[in-house]
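*Asks:* The sequence and its predicted three-dimensional model are supplied below.
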Amino acid sequence: MRQQDPRAAARERDLGIRKIGRLTWRAGLAGAACSAVMALAFGHNAADATSTGSSGTGGSSSSSTTHGRDGGSIVVPNSPPQPASGPSHVTSGGTSANVP
């Protein structure tokens with residue numbers, strides 16, 4: 001059985017490492033570019049929502065405020081939710097603390 005030349009094996013290994021390195025850099029650059037595009041897209045929409053949301057309706061006393069261009073995308077209540085009434089409250093596990 002013939003053994004491979006160690007110098008040829010090292011050259012092939014180095015060539016493979018260079019290919020993997022180039023592929024990794026390209027994937028990283030593509031990911032950074034996609035992240036920048038998404039940040040610009042979402043950042044632009046967030047700036048629009050805050051700028052249109054700050055121009056209220058004057059002195060109206062409605063129970064909620066609507067933000068967004070289409071007039072119905074997000075509804076924010078003016079007052080916080082009230083605590084629930086009753087003998088017990090449900091926990092996250094679905095069991096009740098004060099059930100008789």
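*Replies:* Arrived safely, thanks for sending.
*Asks:* what's the helix or strand hosting residue 43 packed up against?
*Replies:* For residue 43, the enclosing helix or strand under DSSP states H and E is helix 6-53. Helix 6-53 sits against strand 64-67, with contacts defined as 3 or more Cβ pairs under 8 Å, 6 or more residues apart in numbering; DSSP states H and E. To be clear about C-beta, it is placed using only N, CA and C from the backbone, and glycine gets the same treatment.
*Asks:* could you give me the average pLDDT of the strand it packs on?
*Replies:* Averaged across strand 64-67, the pLDDT comes to 50.
*Asks:* I'd like the next helix or strand past that strand.
*Replies:* Remark: after strand 64-67, the chain's next helix or strand is strand 74-77, criterion DSSP H and E.
*Asks:* Who does that following strand pair with, and is each partner parallel or antiparallel?
*Replies:* Taking DSSP bridges as the criterion, strand 74-77 pairs within the sheet with strand 64-67 (antiparallel).
*Asks:* Now tell me which helix or strand of the protein has the poorest mean pLDDT.
*Replies:* strand 64-67 (a mean of 50; mean pLDDT, DSSP states H and E).
*Asks:* give me the number of residues near residue 82?
*Replies:* Neighbours of residue 82 under the rule other Cβ atoms under 10 Å: 6.
*Asks:* Over to residue 14?
*Replies:* When neighbours are counted by other Cβ under 10 Å, residue 14 registers 10.
*Asks:* Distance check, it against residue 4.
*Replies:* 15 Å (Cβ to Cβ, to the nearest Å).
*Asks:* what stretches of this structure score poorly on pLDDT?
*Replies:* 1-2, 45-73, 88-100 (pLDDT under 70).
*Asks:* Go again with 90.
*Replies:* In the predicted model, the chain carries pLDDT under 90 at residues 1-6, 41-100.
*Asks:* Quick check on residue 86: phi, psi?
*Replies:* When read as degrees, to the nearest 10, the backbone of residue 86 gives phi 140, psi 170.
*Asks:* Count residues in the vicinity of it, would you?
*Replies:* Neighbour count for residue 86, taken as other Cβ under 10 Å: 9.
*Asks:* next one: residue 31
*Replies:* 10.
*Asks:* Please report the distance of it from residue 43.
*Replies:* Distance of residue 31 to residue 43, computed by Cβ to Cβ: 18 Å.
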